[in-house]
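Engineer: After the sequence you'll find the predicted model.
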Amino acid sequence: MSGMAALFGGRNFALDAVRITENAALAASDWMGRGDEQSADAAAAAAMCDALHQLDLDGLVVIGEFAEHPDVALCAGDAVGSGAGPRIDVALTPLEGITACARGAANALSVVAMTDRGGFLSVPDRYMDKIAVGPGLPKGVIDLDAGPEDNLRAVAEARRLRVRDLVVCILDRPRHGDLIERVRTSGARIMLIADGDVSGILATVDPDSGVDMYLGVGGAPQGVLAAAALYCVGGQMQGRMVVRHPDERRKLVDHGMTDPDHKYTLEEMAVGDVMVAVTGVTPGALLRGVRRTAGQIVTHSVVMRSSSGTLRYIESRHRQDPAGGPILGG
C-alpha cells in the first residue's frame, strides 16, 4: 500500500486537507482589500504552516514558498507534519494571487497538494509556458508545440462546438499580446485575468466555470500545483520552462533540469495518489471567496483525489469568537 493510500485508510483525509487551505484563506481574508500584499501572504503562510504541523504525516515540501517568510517552514525542503505518519510530498501556495487579495480583486486562492514521495516535479521559481484543458477530451488533443489556432480547432472538434464557442483564460500581461491577438483572430473568446494563473487553469476542471482552455506563461511552481489538480480529474496539461538567456539555462541545469527545453506532460509534473484542496479567498470562476455574515464566516472549497477522480465542493460555516475571528479546528 502506498503512503497516501495508507494515509487515507480508515479516515476522511479530504476534510483534513480542506482545513489546511481554509486556515490559510481565512487568515488571508483579514487582509483582503487592505493594500498590503506582504501581510496577507505572511498571515496565510503562518496559518497554513500551523495547520500542516497538526497532521500526523511525515511531509516534505517540494513546491512551496521561496524564503519570503524565513520564520515559516514552508520552503522547498522543509518538513511539515508531526513526523509520525506516511512519507509524502507536499506542494502548496498559502496565497495564490497576493495582489488580487490586497486589491480585493478576483481569483485569490489557497492551495495544497499531496502525493507519494517523488510524485511532484521539482521546479525553481521561474516562468513556464503552459497549455491546459479539463477532463472529457481525447488524450493528446492539445500540444504546446502547436499554434493556438490548431489547439482551439482540435478542442472545438472534440467537443462538437465551434471555435467561437470556446473561452480561453489568459493572464493579462504585455508578454501575451501576440497570443491574445491570435486567439481572438481564431474566433475564440478570451477571459483575461489580472492575477493568479492557478485559478485560471483550475477553472478548466469544471464545465460550469465557462473556461475551456488555459494558455500562456506563468510561474512554474504554480504550473505544478495546477497539474496536480488536473491529474486528479483527468484533465490535460503540458508545460515548458521559459529560457530567456544563458544564465537562466544554467540555473535550470543546476536545479536538476538537465534538458531545460523539455516539454513536460501532465504525468511528468504530478503523479501518484494525488489529493488537492483549494479554498477561495476572493471570488473566482471556480470558487466563491470568504464571506463574513453575522456570527459566522463562510468558506468555499474544492477537494480532488486522483484515485477516485472525485471533485467535491465543501462549504464551511465557521462560528466567530467574540473578537471577530473564526473558531477553527472543527
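Structural biologist: Yep, it's here.
Engineer: pLDDT below threshold where in the stretch 1-150 of the chain?
Structural biologist: Along the stretch 1-150 of the chain, segments meeting pLDDT under 70 span 1-12, 66-71.
Engineer: can you give me the helices for it?
Structural biologist: For the stretch 1-150 of the chain, the helices defined by DSSP state H, counting those that start in this stretch occupy 3-8, 13-29, 37-53, 98-103, 148-158.
Engineer: number of nearby residues for residue 142?
Structural biologist: For residue 142, the count of nearby residues is 22 (other Cβ atoms under 10 Å). Yep, even glycine has a C-beta here, placed from its N, CA and C like the rest.
Engineer: Kindly state the domain boundaries assigned to this protein.
Structural biologist: If you go by automatic domain parsing, the domain ranges for the chain are 3-118+273-319, 127-269.
Engineer: Check those for me and report the most buried one.
Structural biologist: Mean neighbour count (mean count of other Cβ atoms under 10 Å) peaks for domain 3-118+273-319 among the domains of the chain, with a mean of 21.
Engineer: What is the distance between that domain and the centre of its chain?
Structural biologist: With Cα atoms, centre = their mean, to the nearest Å as the basis, domain 3-118+273-319 stands 10 Å off its chain's centre.
Engineer: Name the nearest residue to residue 162, sequence neighbours excluded.
Structural biologist: Of all residues not flanking residue 162 in the chain, residue 156 sits nearest, at 6.0 Å (Cβ to Cβ, 6 or more residues apart in numbering).
Engineer: and the one you found, what does it touch?
Structural biologist: Residues in contact with residue 156 (Cβ atoms under 8 Å, 6 or more residues apart in numbering) are 162, 163, 165, 166.
Engineer: residues touching the third one, list them.
Structural biologist: Same thing as residue 165. Per Cβ under 8 Å, 6+ apart, neighbours of residue 165: residue 156.
Engineer: Please, where are all the strands along the stretch 101-250 of the chain?
Structural biologist: Remark: strands assigned in the stretch 101-250 of the chain by DSSP state E, counting those that start in this stretch are 109-116, 127-133, 167-171, 189-193, 213-219, 236-241.
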